[in-house]
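> The following block contains a protein sequence and its predicted model.
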Amino acid sequence: MSVEKIRATTVLHLFWILAFAGVATAQTSSRGLLASSEAETAPSFYADVLPVFQNNCVDCHRPNAPDVGGITAPMSLLTYAEAYRWAPRIKRALESGYMPPWGAHVQHKGTFKDERYIDDADKETVIAWVDAGAPEGETPEGASPSESTTLLEDSKEGSGRGLTGWWIGEPDLVVEFEQPVHVPDSVQDWQPTFNMPVPDGAHTEAKWISKAELRPGGPWVHHIVSSHMGVGVPGRGPFTYPEGWGVLLPEDPYITTNMHYHKTPGPGSAVEDLTRAGFLFYEPGDVIDYVVDTDLNFTTRFVIPAGDPNYEVKHQRPFEEDTYLLSLGPHMHLRGKAMRYELEYPDGKMETLLWVPDYDFNWQFLYEYEEPLFVPAGSRLHMTWWFDNSEGNPNNPDPTAEVVYGAETTDEMANARIYFAPASPRGIVVGEKIPEELLRAAEAREAQRRRRISAQMGRGRM
Ligand code: HEC
């Protein structure tokens, strides 16, 4: 069969499956909750379960699973065989709420982009399917199971990693380490800094970033800091700025990245890391109204007593000018338990912006507003972190240790990053001269960061 022919049949099958899925979903809801003993009405894979996976899971659970800040899903949920094999664990992950991964309390439903809440009815359908022995049911007519996998993959093109291997699509600029970094057996925590050279002629003038993605080489990357791109941490996807929001990338022979590797040391634990970064830029004629700024709100003033199951830390930040708040990124380490951002308006009214009741170090989401939030001058941000330093915390490396602020994974952090912009629109036309003060500010910020990093290196932190 010619390639075109295969494509054409693929597309046809896709329509067919979608139609089929639609009908099946309607049936499921009219049936209401399913009793698992009713074998003849038990949900089946293609009719009932696959559509749920498509809506909730396959962005990550697919062949060539995308890397979400250093971790990848262990199986595809597009094929019956794999879903069947994982069925008991799927049930457990749904019941515990571990999957789909998301930290914001359900009270925030509808507030943040790419939120991952699964409907109760969908959850019930999948659990009933597992309880019924995970039946395959009828294969959609004309499509062998392997073919249907291919078509579903194709249907994801452009939304997930697609064919380019990047969440953001084909980048305008890709940079990477000059050579893979060897992280030796002895390493537990290591924070080296590397320059990713910009290929010759690839970036000869300052440009406005619309999207940026860091692709860490593996799960041992604890975090990456780069001022032009923000922070890459476990569980975090790419940066996609809203239209009219941008970050300036000055002309520069290299992009500096401060890596933080963390793994269990020992013979055979060495890894090679080749981290890459991709950028998409605004086009000439586009208008930048909001220049993205970021602030790492944090406090170092805490001492978490050994064994304390619920230690609270607080911090505040005033807003001096009218601001749009773009996103919120809580960060703690292994003893992190819960986190809250509250906004106190000038009239004293309090609003909970983000409540993460069950913080998970492996899933450090950036909570990005669907519509940036207007924060009037005179408001005050209140941040609260809770830590569990007891032995009841399965991630706790040492419940007998008193813990203070520090960079190592076994230390703690009480950070609450925000991304924001002044509320008055700038009206900068891409392609016209970039305001000098913005260029200077972007360059100064990078230079300052490089100085800070070399000072750290000078203190002998390896
Ligand atoms: C944002 C990406 C993402 C989404 C969406 C997602 N997963 Fe996962 N899933 C992962 C990653 C990454 C892992 C591996 C990390 C781990 O096992 O802790 C994983 C692990 C799992 C596991 C294995 C857990 C175990 O017992 O080891 C199951 C089962 C699972 N996912 C089911 C689902 C189901 C069902 C959905 C949809 C309802 C879903 N996931 C949605 C990324 C995702």
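All right, it came through fine. Numbers count the residues shown, from 1 in each chain.

> for the residue in the stretch 301-450 of the chain that the ligand sits nearest to, helix, strand, or coil?
Going by C-beta to the nearest ligand atom, the ligand is nearest to residue 362 of the stretch 301-450 of the chain, at 6.2 Å. C-beta: built from backbone N, CA, C; applies to glycine. Each residue gets one of three states, and residue 362 gets coil by DSSP: H, G, I helix; E, B strand; the rest coil.

> The ligand contacts on the stretch 51-200 of the chain?
On the criterion C-beta under 6 Å from any ligand atom, the ligand has as its neighbours in the stretch 51-200 of the chain the residues 56-57, 59-61, 68, 71-74, 86, 89-90, 93-94, 99-101, 116, 118.

> change it to 5 Å
Along the stretch 51-200 of the chain, the residues adjacent to the ligand under the rule C-beta under 5 Å from any ligand atom are 56-57, 60, 71, 73, 89-90, 93, 99-100.

> If you count neighbours, what's buried in stretch 178-192?
181, 183, 187, 189-192 (16 or more other C-beta atoms under 10 Å).

> And stretch 254-270, by the same measure?
Along stretch 254-270, the positions that meet the burial threshold by neighbour count (16+ other C-beta under 10 Å) are 255-263.

> Identify those among those that sit within strands.
By the criterion of DSSP state E, membership of these in strands covers 255-262.

> residue ranges with poor pLDDT in the stretch 151-300 of the chain?
Along the stretch 151-300 of the chain, the parts satisfying pLDDT under 70 run over 151-165, 218-237.

> swap the cut-off to 80 and go again
Low-confidence segments of the stretch 151-300 of the chain, defined by pLDDT under 80, span residues 151-167, 215-239, 252-254, 258, 260, 262-263.

> for the stretch 351-462 of the chain, what spans make up the strands?
Assigned by DSSP state E, counting those that start in this stretch, the strands in the stretch 351-462 of the chain fall at 367-375, 380-387, 403-404, 415-422, 428-429.

> quick check, nearest of the ones in strands among the buried residues of stretch 254-270 to residue 451?
Set against residue 451, the nearest of these by C-beta to C-beta is residue 256 (11.0 Å).

> one step back: Serialize the strands of the stretch 351-462 of the chain to a markdown table and add fields for mean neighbour count, mean pLDDT and distance to the ligand.
Listed next are the strands of the stretch 351-462 of the chain as a markdown table, based on neighbours: other C-beta atoms under 10 Å; pLDDT from 0 to 100; distance: least, C-beta to the nearest ligand atom, whole Å:
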| stretch | mean neighbour count | mean pLDDT | distance to the ligand |
| --- | --- | --- | --- |
| strand 367-375 | 17 | 95 | 14 |
| strand 380-387 | 21 | 98 | 21 |
| strand 403-404 | 18 | 96 | 24 |
| strand 415-422 | 21 | 94 | 20 |
| strand 428-429 | 18 | 96 | 34 |
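
> With distance to residue 301 as new columns, can the ones you listed be given to me in CSV?
Written out in CSV, the entries for the strands of the stretch 351-462 of the chain read as follows (distance: least, C-beta to C-beta, whole Å):
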stretch, distance to residue 301
strand 367-375, 25
strand 380-387, 12
strand 403-404, 9
strand 415-422, 13
strand 428-429, 39
